[in-house]
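Undergrad: give me a 3D structure for the following:
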Amino acid sequence: MFLQGKKLSEAIELLPRKETKAQKAERLKLAKNPWDALEEIREFARHGRGSVVPEWANLYFKWWGIYTQGDGVGAVGGTGGEGKATEYFMMRVGLANGLVSSEQLRAIANLAERHARGVADITVRQNIQLHWLTIESIPEVIEALGAVGLSPKGACGDVVRNVTGCPLAGVAADEICDASALALETANLLRANPEFYNLPRKFKISITGCPVWCTYPEINDVGLTAVERHRDGKREVGFSLRVGGGLAADPHLAVRLDAFVRPEQVLAVVRAIVEIFRDADVLRENRKRARLKFLFSKFGWTPEGFLMELNRRLGYQLDPAVEEIPPADIFRDHVGIHAQKQPGLFYVGAAVAGGRITPGQMRAAASLAARYGSGELRTTNTQNLLIVNVPRAHVAALVLGLGGAGLRVDASPFWRGAVACTGTEFCKLAITETKGFTRWLVEELEERVPGFDQQLKLNVTGCPNSCGQHWISDIGLEGKKIKRGGAMVDAYYFCLGGAVGEFANIARPVGYRCAAAEVPAAIERLLHAYISYRYNGENLRAYFSRHFDEELREQLAGGETVVEVRDPSPGAVPQSVGD
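TA: Numbers count the residues shown, from 1 in each chain. Presented below is the predicted three-dimensional model:
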């Protein structure tokens with residue numbers, strides 16, 4: 001006999017409900033702080049890959065900067081937008097503010113050679129990522145990193161990620177202040193802090209004293225940028241405060257709060273904002289809407305309301321903001337030879353196309369930094385590598401040594417502007433291969449458009465989640481799949497005109513998509529059109545902004561073409577695990 005009316009609804013309520021992904025994650029996080037469970041990792045290493053339980057493989061390992069590695073096929077080889085995991089792992093090594101010594105870089109190189117098949121990547125949050133790690137090797141890798149003052153803790157997981165800062169902190173001739181000490185103090189406060197091991201999702205912080213905002217505060221959950229004010233005839237340095245930035249599939253530029261943050265207030269302010277995020281239970285209901293930005297874009301928070309809550313938690317009112325002029329369209333990658341503020345010293349920036357760097361290159365850079373500089377290196381969020389404190393007499397020898405190792409100081413705009421995410425080579429969420437493709441694309445463009453001398457941010461991301469940051473690039477390529485000759489092949493969807501700084505804007509999906517093999521020709525056509533039709537002194541961002549999508553599509557295609565709708569093909573892809 002069928003139940004009717006109220007009895008039927010009551011019966012349905014009594015049926016067991018399937019646990020959502022968000023509910024499962026929250027249950028597991030409440031059950032364990034992974035930072036307290038290193039001995040469990042050692043047990044897995046003693047008993048082999050088969051002993052690793054799913055909750056560690058799929059969740060807890062991330063708190064130690066570790067992900068399961070994909071099988072090279074990516075998302076299309078699995079189900080639900082996620083590909084198959086192999087027996088191997090990849091690990092991020094956190095480098096707060098991008099600071100790394102020669103000794104530390106040699107240690108990373110040795111680990112990459114011994115345990116990672118020689119594969120390492122500089123990431124868009126100034127980390128270095130290793131691949132091909134076995135479960136048996138992980139405790140040894142963690143201990144070896146600890147021996148040189150490094151750790152993978154907090155490089156992944158629902159925690160505060162690597163705190164980024166200007167790689168030129170302390171040496172830039174034009175910096176407002178050296179904010180690296182604050183970045184390091186913030187990282188030390190929050191990394192492995194049991195009060196903040198269970199956030200709704202990842203949380204990203206940028207603290208910079210440079211005037212060009214090379215750390216992209218616009219796309220961080222918290223972005224602190226140095227400003228100055230004058231009171232009673234005295235100069236006072238502080239920080240502007242932005243919150244709620246982020247990319248992924250739903251990009252959102254950070255909003256500026258009406259606040260002037262004194263240096264001595266920075267730690268308290270950052271801590272209070274992380275607490276606001278941690279305590280926002282509404283963000284724990286859906287893993288795809290679990291970032292600070294969704295308080296603004298989905299739940300009705302305003303900058304004024306956020307500041308009110310921040311002041312309440314602080315117990316005092318932050319001073320009102322002062323005027324700030326965002327940086328214009330300039331290179332932010334620090335590649336090349338530049339004078340430091342210290343007389344007679346220079347820093348040298350080498351472009352690492354797509355971030356892929358070998359153990360040999362890391363050792364060479366470490367040795368050159370020790371020989372010709374002070375043994376100090378810096379990574380950038382454009383996936384490049386810098387050596388600082390080089391006396392004028394040693395610059396030429398350093399550049400020659402870097403070039404001999406395949407690290408270009410005099411690099412083309414294509415080489416220095418290229419950024420790439422991990423791609424299907426190792427990532428289970430990716431749709432396309434990115435690292436090899438990006439290097440090939442750069443080499444093709446150098447041949448096709450020789451002498452191109454404009455800044456070009458060329459960002460390649462293997463899926464809609466924007467780990468490669470295509471939303472803020474001049475030319476952003478988003479990985480897709482299309483059918484060619486009866487087979488599915490890698491393809492890219494074009495997003496144009498993204499920018500940060502004075503003209504901050506999310507790139508426009510212009511309705512053009514093509515197979516990966518056709519991308520160089522499409523960009524060649526676009527750049528030749530720009531060269532032919534640009535106004536005097538007009539950069540790419542301005543050129544794109546004054547053209548309609550239809551015009552840009554035709555320039556890419558070389559003629560009229562149908563509008564391709566941007567979609568998250570091949571299916572619903574989970575929110576980024578990215579840096």
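
Undergrad: next structured bit after the helix or strand that contains T186?
TA: Here T186, judged by DSSP states H and E, is contained in helix 180-190. Downstream of helix 180-190, the next assigned helix or strand under DSSP H and E is strand 205-208.

Undergrad: give the rounded mean pLDDT of that following strand.
TA: On average, the pLDDT along strand 205-208 is 98.

Undergrad: could you name the helices and strands sitting against that strand?
TA: Helices and strands touching strand 205-208, by 3 or more Cβ pairs under 8 Å, 6 or more residues apart in numbering; DSSP states H and E, are strand 164-165, helix 180-190, strand 222-231. No exception for glycine: its C-beta is placed from N, CA and C like everyone else's.

Undergrad: show me what whichever strand or helix holds D121 packs onto, helices and strands only.
TA: In this structure, D121 is located in strand 120-122 according to DSSP H and E. Helices and strands touching strand 120-122, by 3+ Cβ pairs under 8 Å, 6+ apart, are helix 102-115, strand 128-133, strand 356-357.

Undergrad: can you do 6 Å?
TA: For strand 120-122, the elements it packs on are strand 128-133, strand 356-357, judged by 3 or more Cβ pairs under 6 Å, 6 or more residues apart in numbering; DSSP states H and E.

Undergrad: helix or strand next in line after the longest one, which one?
TA: This means strand 128-133. Downstream of strand 128-133, the first helix or strand assigned by DSSP H and E is helix 138-147.

Undergrad: any stretches of the protein with poor pLDDT?
TA: Filtered on pLDDT under 70, the chain yields the residue ranges 1-16, 568-578.

Undergrad: rerun that using 80 as the cut-off
TA: Scanning the chain with the threshold set as pLDDT under 80 gives 1-17, 329-331, 567-579.

Undergrad: what's the residue closest to the geometric middle of it?
TA: Among the residues of the chain, the one closest to the centroid is V124, at 3.6 Å (Cα atoms, centre = their mean).

Undergrad: I431 contacts C463, doesn't it?
TA: Yes - using Cβ atoms under 6 Å, I431 is in contact with C463, at 4.8 Å.

Undergrad: any common contacting residues for these two?
TA: Applying Cβ atoms under 6 Å, 6 or more residues apart in numbering, one finds that I431 and C463 are jointly contacted by G479.

Undergrad: now do the strands in the stretch 351-500 of the chain.
TA: For the stretch 351-500 of the chain, the strands defined by DSSP state E, counting those that start in this stretch occupy 356-357, 376-379, 385-391, 418-420, 458-461, 475-484, 487-496.

Undergrad: tabulate the helices and strands packed on strand 120-122 (CSV), appending distance to N381 and mean neighbour count.
TA: Shown next, in CSV, are the helices and strands packed on strand 120-122 (distance: least, Cβ to Cβ, whole Å; neighbours: other Cβ atoms under 10 Å):
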stretch, distance to N381, mean neighbour count
strand 128-133, 13, 23
strand 356-357, 15, 24
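
Undergrad: quick check: which of those is nearest to E26?
TA: Closest approach to E26 among the helices and strands packed on strand 120-122 (Cβ to Cβ): strand 128-133, 27.1 Å.

Undergrad: now for the closest one, which elements pack on it?
TA: By 3+ Cβ pairs under 6 Å, 6+ apart, strand 128-133 packs against strand 85-93, helix 102-115, strand 120-122.

Undergrad: and that strand with helix 102-115, angle?
TA: Interaxial angle, strand 128-133 versus helix 102-115 (axes from the mean of the first three to the mean of the last three Cα atoms, to 10 degrees): 20 degrees.

Undergrad: next, the buried residues of stretch 299-309.
TA: 301, 303, 306-307, 309 (16 or more other Cβ atoms under 10 Å).

Undergrad: so what's E103 up against?
TA: Here E103 is in contact with V148 (Cβ under 6 Å, 6+ apart).

Undergrad: ok, 8 Å please
TA: Neighbouring residues of E103 by Cβ atoms under 8 Å, 6 or more residues apart in numbering: 148, 366, 375.

Undergrad: ChimeraX command to pick out the buried ones of those residues?
TA: Filtering the contacts of E103 down to the buried ones (16+ other Cβ under 10 Å) takes a single ChimeraX command:
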select :366,375
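
Undergrad: re the thing from before, format the buried residues of stretch 299-309 as JSON lines; extra columns: distance to F544 and secondary structure.
TA: Below are the buried residues of stretch 299-309 laid out as JSON lines (distance: Cβ to Cβ, whole Å; DSSP: H, G, I helix; E, B strand; the rest coil):
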{"residue": "W301", "distance to F544": "31", "secondary structure": "coil"}
{"residue": "P303", "distance to F544": "28", "secondary structure": "helix"}
{"residue": "F306", "distance to F544": "32", "secondary structure": "helix"}
{"residue": "L307", "distance to F544": "34", "secondary structure": "helix"}
{"residue": "E309", "distance to F544": "38", "secondary structure": "helix"}
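
Undergrad: name the nearest of these relative to A521.
TA: The nearest member of those to A521, counting by Cβ to Cβ, is P303 at 44.3 Å.

Undergrad: what's the burial count for D281?
TA: Counted by other Cβ atoms under 10 Å, the residues lying close to D281 total 9.

Undergrad: over to the one 3 residues further on?
TA: R284 is flanked by 20 other residues according to other Cβ under 10 Å.

Undergrad: contacts only, for the closest residue to it other than its chain neighbours.
TA: Leaving aside its sequence neighbours, R284 sits nearest to P200 (Cβ to Cβ, 6 or more residues apart in numbering; 4.9 Å). With contact taken as Cβ under 8 Å, 6+ apart, P200 is in contact with 158, 277-278, 280, 283-284, 290-291.

Undergrad: try it again with 10 Å
TA: Counting by Cβ atoms under 10 Å, 6 or more residues apart in numbering, P200 touches 22, 25-26, 29, 158, 277-287, 289-292, 294.

Undergrad: go on, Y493?
TA: So Y493 contacts 464, 470, 476-480, 482, 509-514, 564-567, 569 (Cβ under 10 Å, 6+ apart).

Undergrad: how near is it to I431?
TA: Note on Y493: its distance to I431, by Cβ to Cβ, to the nearest Å, is 10 Å.

Undergrad: what is in contact with the two at once?
TA: Common contacts of Y493 and I431, defined by Cβ under 10 Å, 6+ apart, comprise 464, 478-480, 569.

Undergrad: report the buried members of the residues you listed.
TA: 464, 478-480, 569.

Undergrad: mind listing what's buried in the helix holding T186?
TA: By neighbour count on 16+ other Cβ under 10 Å, the buried set for helix 180-190 is 180-187, 189-190.

Undergrad: identify the residues contacting the residue lying closest to L30 once chain neighbours are set aside.
TA: Sequence neighbours aside, N198 is the residue nearest to L30 in space, at 7.1 Å (criterion: Cβ to Cβ, 6+ apart). Residues in contact with N198 (Cβ under 10 Å, 6+ apart) are 25-26, 28-30, 32-33, 63, 157-159, 278, 284.

Undergrad: alright, calling it a day.
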